[in-house]
Every structure is written in structure tokens, then in C-alpha cells.
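[1] Below is the sequence, then the predicted model.
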Amino acid sequence: MNKIKKYFFAIILVYASISFGQNDSIDVEGNELLKKIDRNLTPVSFESYRKLINIEPDGKKKEFVLFTAKKGNDKMVTTFLSPKTEVGRSTLRLSDNMWLYIPNVGKPVRVTSMQSVTGGIFNNSDIMRLDYNEEYNCTKLEKSKNADIMTLKAKTGTVAYDKLIVTVDNKNTVPTKIECYTASDMLIKTLYFKDLKSLGKGIKRPAIIETDSPLHKGYKSVMIYANMNIRVFPDEVFTIQYMERIPDLRK
Amino acid sequence: MVIIGRIFWTISLLQLVIFADEYEFDISEFEKKPFEYSGTIEFRPSLTIPQKQSFAWKLKYYENEKPPEVLDNCLLITTPSAKFEKNKILLFGAVDLRIEYNHPENKWNFRAALLEGYGKYEFNLNWNILAGKKLYKWGKGYSYNPVSYASRPKDVNDIDASLEGYYSTAIQYNKSISSPILKNYSHEVVLIPVYREINDDYAGGDNHWLLNHSYFLIFDTDFDIFFNVAQDFDFKAGFAAAYNILTNWEIHGELSYLPQTSKSIIGSDTLLGFVEEKDIIQSVVGTRYLTPFDATFYLEYIFNGEGLNQEEMNQWYSAVYNTLTNQELESISRIRTLWFENLGKQFLMKHYIYFKVQYPEPFNLLYFTSSLYTLINAEDKSFLGGLDFNYKRFDNFSFNLKLVGMFGTARSEFASKISKLKMELNIEYYF
């Protein structure tokens, strides 16, 4: 009887160590893959121009052009360059803090990440996104020959989407599709990454992200990247005092 | 097989061309230029249904045998601005030019004002110096900013409107810090001279005012400290803070301290008097909350320590009532001037509640934003209520329709104003 008990506990111990070991390896490997994806999508510090196009079910479009500057893991600013109704409207993200500056208002105001600044499907979180590995952990990695599938879980409750399912182009280590879910597993939107090309020195990534949402049937939003350059900005650029001057960062 | 391959290749190429054309964009038109300009042209007609029983209406139209049934008004406004930047020098100017037609009075009014006009020299990203006419917007409150010592009061019905600055000179310092506690601090020292016609609407008498605004970002909370000192040592001090409790829930507050102030009251003899008051506090505490369905709620409690109490307001109402009853034209003319000079402003009394709900894209109407707001006088229970609809579907155009109503008993702040219901359309073109 004692021998049976010993064998039983030994089997439990071995099974537990294999299970935990497997989960650890998935986390580590998945999170390392996530870091590579982040670096392929954007450098640590960069500037870029983006165009957002909101497409309505009847084909009508409205376009917005933004300039973005990012530094490190937690600093980002964005300003609208078009249309004229939005020129000068700027957003600053500093870790979990976000402020909005509107020229007429004349002072920065704290805002929330889920608000939509352009109308349409994209919101502040999509436009002011930090690295995925800063906000998510990989909890599951399903490997296949051409496309791995990663399941990402938000690290904190402050992140816009609780869960992401990422389809990865293994050859280029960039996403081809990301599905965004709430904590109750409701699909909010899907991002499709397209048109892999060189955007600047050493930067090759999908230039186009198309988005649709079951919550806005028939509507589509498209984000187009252009002219992404590695550039390191002084920290003072990412302060509320500088928000009025963000458009002047352009060269 | 070869034919299928060629067909596939042709389709792919075609897709590439169509795809590329649809989603390409030329950034050269968005690159920075040394000289840039922008502005708006607004057409703003409005229609006001008057409160004919209000004291303000009776005073204004007492001698008028046929007062108008409605007040209609038309404004054409342009606010161009221009900026020139080279090396470390920045020059900025913004003007307000408007033509107003007032129908009942059949009057044309013209106004040109320099909103801002200043030069700035940037030593580096930490230090800069500025001189000219500048607008400083301080404070965290949405509807009320008691710490905004260097700017004019906001209009509750047009909170985001451009305001006119004051002639001043300023030194600004800004520093970012890599620390988990203090992430950023800045100081702004401003000198506002008041001399003859220069800044004569800032404060009375020839005097110079020195203001300081210090800002700290500590533990993800905005903290602001303000001082305002005059040459004769008259001073004000203030404090403001804002913090996100959750990513969708923000709280803020402001407090201003005035050691001494005087306010206008009316005596039973209908003569204007002044009451000196000490240790005055003005404050606002508020919150902003974004719901899962994208509606934003604003709620603020406002305390204006400088405001009139109910008894002092009743003295004004009684003075006007008695003067109108006596029907002496000279007295009516005198009290009319006193009324509009002293009571023609916002936050007359002490306790107010501001509430607003803003809901973008109701019924999935893209680029359409609706708002409902109210400002309640918590003492006399009168209030103003407004509906606002904004539409920005077309590039460079904004359409706004506003309805504002005043409600209350005859002897209450909002019901004693001229307007009962005002409808205003605003068509704005941006260039």
C-alpha cells in the first residue's frame, strides 16, 4: 500500500512539473515572439505620418492625417494635420495617463483611452497604442508552418481590449490579423494587416491596417502608415506644456 | 496552366495598382513650413424668445411702446491666425473680426479685436521667454475656473470659444523627470502690466501684476499651484488637481483664495453700495465619466464665495420692482445701468451645479455629436438648460445647432434675464 501511495504521489509530481513547465515555455516563447512583432511593427522611438480613412456602408469616405512621435515604452504624442476642423488637436500618452489638447480650448484635458477622436471604429487606444508586450501577456501559442496563432491577455484592467487573438506571418514575424475581445469574450473589432513594405530605413512592416467591427456593421476604417523614421525625441516633448507645439516636431 | 498563371498574375497586378492608388498618400503637403496660417469663417444667426416678465426685459424696453416679440440677430465672424517660426523664434497672431446685425434695433455693429499677438524665444526645450498679447488658460474645471487669474471668464453656453488675451511678458520652464513619483514639473511666471489703456479691463488702477503657475505630475496626478500678486501686494492664491481614478473616470478640483474683495449691492434707496469681504474662497469640484456606450457625463459643483447671497439678490429685485412701480424715468434709467453693469455676468450667486451629458453618434449617425447640459442655481433653484447638436461630416465644415432655455420663478437669477429661449445656428468653415 505504501509503495502504491509513493508511486501515486510521484506520478502527480511529474505530471504537475510537466504541466507547469509547458505553460512557462509557452509564456516565454510567446512573449518573446510578441516582442519581436512589436519591434517589427515600430522602432522603440520613431516618428510617422498616418492617414485614417473612415468608409461608410454607402462608400462615402472621410480622411484624417496624423503625425505621431513615440519614445520608449510609455511616451507617445499624436497631432492631427487634416482635415482643417481637427488641425492642432493633439493627444499625449504618458504611461496610463492621456491628455487631449484642442487649440480653441487652449489647455490640455485628461481623457480616456476608449474615446473615439475621429468617429468611426478607431479609438484613442488604437491610435495611441504602445507596444503589445507592454500591455499583454501571451497565454497560448499555437504553432503551424505558415501562421502561428497567439492568444494575448491584458496585463491590467486599464487596457482597452481584454483579449487579442493574433495571427502571425511567420516568415516576416508581423501580424496579419488581430481580433480584439472584451472580458466577456465579445468580439469588438478585427484588424487586418496588409501591404508589407519598407517605410523607412530598416523598417519593413504592413503599411495598411483595415478594421471592421460587428458593432458597426457595414462600416470600415483603414489606417495607412507612411514615412516612418527612427528618431529620438527629448523627454520634454512628452509633457503637457509641449502639447501646443507638437505639430512643430515635424521636420 | 500557363494561361491560368498569366490570368492570375494580371489580376494580382491590377489589384496592386488599384489597391496602391486607393491607399497611397502624399505627405509633402503636410510637412512643416516656416509660415503657416489658419482660421475660421462663421455664420451665426440666432433667434431669441424673450422673457417679457423678467426684470431685465422690463428695464431694457420700459420706454418702448412696441417692444419686439422676438429678438433676431446675425453674426458673421472670422478668426484668422498666422504663425512664423525660424530657428528659435516664434511669432504668432490671431484676430477676431465680426459684423453683427441686430434686427429689433436695426443696428449694425462692427468689432475687430486682437485675440493674441506675441513673440516667443526658445532658449532650449526647458526655457523660453514670451512677450505680447497672450491668452493663458489655467485650471482643471470644465465650466468654471476660479484659478484662471490671467484670462477672461468662459461663457457657459460656449465653453470652448476663443477668448482675448492680455498684454504680458512671461518666462516658462519645463522639465521632464524619469522617476516613478515625479514625472514632470514646470513653472510659468507672468507679468501683466495695467497702465492707462493697457490691460485696463484686467484690474482697476495703474498697477502691475505678477503671476506664477507651477505644475507637478506626481503619482499620475496633475497638481497646479497659482499665485497672483499686485504691486500694492493685493494677492490671490490657488490650487488645482486632476486624476484618473479609472481610465474612464476622471476627477478634478480647483480652489482659489482671495484675502479681500468687494462686491456691489443695492440699498433700499436704490443706491449702489459696496461690501468688503475677507477670506473669500472660490472653488469647483467635478468629475467626468465615460460609459461603455460612449456617453460622457460631466458633473461639477461650483462655489463662488464672491457671489451675492439670496438676501442681497432680493434687494436687487425689490429695488427694480419699486423703481418700475414708481415710473420715474430718471430712476429707471439709473437702475437699468446699474443692473446691466453689475448683474450682466455669470455666477452671480454662490452655489451652482453644472451637469452635461455628451453622446457621440446617436442612432449611428457618424460625425454627429449631441449634448445636453444644465447650470442650476442651487439657492434660488432657477436653471439654464441647453441642447447642442454638432455635425462634422464634411471636410473643413462644422455645423452646430444650439437651444438654450432659462427657467425659474420671477425673482430668480435665470428667469430675470432677457432670454427665455434662444436658438442659435453656427455654420463654420475652417481654412
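    All right, it came through fine.

[2] quick one: which helix or strand includes residue 76?
    All of this refers to chain A. Here A:Met76, judged by DSSP states H and E, is contained in strand A:75-82.

[3] try again with chain B
    strand B:71-78.

[4] counting contacts, what elements does the helix or strand that comes right after the strand holding A:Met76 pack onto?
    For strand A:75-82, the following helix or strand on the C-terminal side (DSSP H and E) is strand A:90-94. Strand A:90-94 sits against strand A:75-82, strand A:97-101, with contacts defined as 3 or more CB pairs under 8 Å, 6 or more residues apart in numbering or on different chains; DSSP states H and E. All C-beta spots, glycine's among them, are computed from the backbone N, C-alpha and C.

[5] Relative to chain A, how far out is the spatially most central residue of chain B?
    Residue closest to the average C-alpha location in chain B (CA atoms, centre = their mean): B:Lys154, at 3.0 Å. As judged by CB to the nearest CB, to the nearest Å, B:Lys154 and chain A stand 10 Å apart.

[6] same thing with B:Glu36?
    Distance from B:Glu36 to chain A, by CB to the nearest CB: 8 Å.

[7] unless I'm mixing things up, that residue is touching B:Leu90, no?
    No. Look at B:Glu36 against B:Leu90 with CB atoms under 8 Å: they stay out of range, at 11.1 Å.

[8] Would you map the strands across chain A?
    Counting by DSSP state E, chain A has strands at residues A:46-55, A:61-71, A:75-82, A:90-94, A:97-101, A:109-110, A:136-142, A:147-154, A:163-169, A:174-181, A:187-200, A:203-212, A:220-230.

[9] typed the wrong thing, it's the stretch 51-200 of chain B
    B:71-78, B:81-86, B:89-102, B:107-122, B:127-134, B:166-176, B:182-194 (DSSP state E, counting those that start in this stretch).

[10] Please enumerate residues in contact with stretch B:178-189?
    A:94, A:235, A:239-241, B:136, B:170-177, B:210-220 (CB atoms under 8 Å, 6 or more residues apart in numbering or on different chains).

[11] make it 6 Å
    For stretch B:178-189, contacts defined as CB atoms under 6 Å, 6 or more residues apart in numbering or on different chains pick out A:239, A:241, B:171-177, B:212-218.

[12] Could you give the bridge partners of the closest residue to chain A within the stretch 151-300 of chain B?
    Closest approach between the stretch 151-300 of chain B and chain A, counting by CB to the nearest CB: B:Ser176, at 3.6 Å. Beta-bridge pairing for B:Ser176 (DSSP bridges): B:Asn184.

[13] contacting residues around it?
    Neighbour list for B:Ser176: A:Asp235, A:Glu236, A:Thr239, B:Asn184 [criterion: CB under 6 Å, 6+ apart].

[14] Number of residues surrounding the first one?
    Pointing back at A:Asp235 there. By the criterion of other CB atoms under 10 Å in any protein chain shown, A:Asp235 has 18 neighbours.

[15] any idea how far it is from chain B?
    4 Å.

[16] Doesn't B:Glu428 belong to a helix?
    No. Under the criterion used here (DSSP: H, G, I helix; E, B strand; the rest coil), B:Glu428 is strand, not part of a helix.

[17] Double-check it against B:Ser398; I have them as touching.
    Yes. Using CB atoms under 6 Å, B:Glu428 is in contact with B:Ser398, at 4.4 Å.

[18] circling back to that earlier point, so which of the helices and strands packed on strand A:90-94 comes closest to chain B?
    Across the helices and strands packed on strand A:90-94, closest to chain B is strand A:75-82 (CB to the nearest CB), at 4.5 Å.

[19] Tell me what angle that closest one forms with strand A:97-101.
    Counting by axes from the mean of the first three to the mean of the last three CA atoms, to 10 degrees, strand A:75-82 lies at 30 degrees to strand A:97-101.

[20] helices or strands up against strand A:75-82?
    strand A:61-71, strand A:90-94 (3 or more CB pairs under 6 Å, 6 or more residues apart in numbering or on different chains; DSSP states H and E).

[21] winner for burial among these?
    strand A:90-94 (a mean of 23; mean count of other CB atoms under 10 Å in any protein chain shown).

[22] Mean confidence (pLDDT) on it, please.
    Average pLDDT, strand A:90-94: 91.

[23] what are the pairing partners of that strand, and which direction each?
    Short version: by DSSP bridges, strand A:90-94 pairs with strand A:75-82 (antiparallel), strand A:97-101 (antiparallel).

[24] Just the angle for that strand relative to strand B:166-176, thanks.
    30 degrees.

[25] now the closest residue to A:Phe238 other than its chain neighbours, which residues is it bridged with?
    In this structure, A:Phe238 finds its nearest non-sequential neighbour in A:Lys75, 4.0 Å apart by CB to CB, 6 or more residues apart in numbering or on different chains. Judged by DSSP bridges, the bridge partners of A:Lys75 are A:Lys71, A:Leu94.

[26] hey, least reliable of the strands paired with strand A:90-94 by pLDDT?
    When I compare the strands paired with strand A:90-94, strand A:97-101 is least confident, with a mean of 90.

[27] now A:Met128, nearest residue through space, not along the chain?
    Here the residue nearest A:Met128, using CB to CB, 6+ apart, is A:Arg93, at 4.6 Å.

[28] quick one: that neighbour and A:Ile127, what's the gap?
    10 Å (CB to CB, to the nearest Å).

[29] for the helices and strands packed on strand A:75-82, which one sits closest to A:Asn137?
    strand A:90-94 (20.6 Å; CB to CB).

[30] pull the CA atoms of the closest one into CSV?
    These are the backbone C-alpha positions of strand A:90-94, laid out as CSV (Å, rounded to 0.1, in the frame of the first residue of the first chain):
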residue,chain,number,x,y,z
SER,A,90,-3.2,66.7,-30.1
THR,A,91,-3.0,63.7,-27.7
LEU,A,92,-0.3,62.9,-25.2
ARG,A,93,0.1,59.5,-23.7
LEU,A,94,2.5,59.1,-20.7
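
[31] Where does pLDDT dip in the stretch 151-251 of chain A?
    The stretch 151-251 of chain A contains no residues with pLDDT under 70.

[32] swap the cut-off to 90 and go again
    A:155-161, A:183, A:188, A:197-204, A:212-220, A:226-228, A:251 (pLDDT under 90).

[33] Contact residues of it facing chain B?
    Remark: the part of the stretch 151-251 of chain A in contact with chain B comprises A:Thr158, A:Ile208, A:Ile224, A:Ala226, A:Asn227, A:Pro234, A:Asp235, A:Glu236, A:Thr239, A:Gln241, A:Arg250, using CB under 6 Å from any CB of the partner chain.

[34] Output the helices and strands packed on strand A:90-94 as CSV; include the columns distance to B:Tyr367 and mean neighbour count.
    As requested, these are exported to CSV (distance: least, CB to CB, whole Å; neighbours: other CB atoms under 10 Å in any protein chain shown):
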stretch, distance to B:Tyr367, mean neighbour count
strand A:75-82, 14, 22
strand A:97-101, 18, 21
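
[35] B:Phe414 is nearest to which of those strands?
    strand A:97-101 (30.8 Å).

[36] Can you give the contact residues for that closest one?
    Against strand A:97-101 from outside (CB under 6 Å, 6+ apart): A:Ser90, A:Thr91, A:Leu92, A:Pro108, A:Val109, A:Arg110, A:Val111, A:Ser113, A:Ile240, A:Met243, B:Asp220.
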